[in-house]
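A.B. asks: 3D, please:
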Amino acid sequence: MPWVAGFAAFQLVTPTFVALWPAWGEAWARAQGALGVPADNGWSGVVVALVVAGALTLAVAPADRWAARRHGGSARDVHEVTTTAVQ
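C.D. replies: Below you'll find the model as predicted:
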């Protein structure tokens, strides 16, 4: 989830152009306009993405630790079980 939020933040700050899919950049430009983010904002998309993803990670981390304690393991154990189940 933090990665997706960081990706969206990057695209909102610096919409990219995909030659095979021109509507991609147009959609992000419309989202910029709807959110009031100026197209010439001068922000670094990478920095904004890292801040958003980092903040969301810090916000989610306590819930991850709480879930681990609730299930009687460590956060690493819960992550391993989740990762194994996804594979």
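
A.B. asks: tell me the contacts of Val51?
C.D. replies: By CB atoms under 8 Å, 6 or more residues apart in numbering, Val51 lies in contact with Ala9. For glycine as for every other residue, the C-beta is placed from the backbone atoms N, C-alpha and C.

A.B. asks: let me fix that: Phe17
C.D. replies: So Phe17 contacts Trp24, Gly25 (CB under 8 Å, 6+ apart).

A.B. asks: got the contact list for Gln32?
C.D. replies: Leu12, Pro15, Pro38, Ala39.

A.B. asks: farthest pair in the residues you listed?
C.D. replies: Pro15 and Pro38 (12.2 Å; CB to CB).

A.B. asks: which one of those two has more residues nearby?
C.D. replies: For Pro15 versus Pro38, the count of surrounding residues by other CB atoms under 10 Å is larger for Pro15: 20 against 9.

A.B. asks: touching, that one and Arg30? I think so.
C.D. replies: No - contact between Pro15 and Arg30 fails when scored by CB atoms under 8 Å: they sit 9.4 Å apart.

A.B. asks: flag the shaky bits of this structure, pLDDT-wise.
C.D. replies: 64, 67, 72-87 (pLDDT under 70).

A.B. asks: ok, now with 80
C.D. replies: 15-19, 39, 42, 61-87 (pLDDT under 80).

A.B. asks: quick one, helices of it?
C.D. replies: 2-13, 22-35, 45-70, 75-86 (DSSP state H).

A.B. asks: out of those helices, which is the most enclosed?
C.D. replies: helix 2-13 (a mean of 18; mean count of other CB atoms under 10 Å).

A.B. asks: could you check the angle that helix makes with helix 22-35?
C.D. replies: Here helix 2-13 runs at an angle of 80 degrees relative to helix 22-35 (axes from the mean of the first three to the mean of the last three CA atoms, to 10 degrees).
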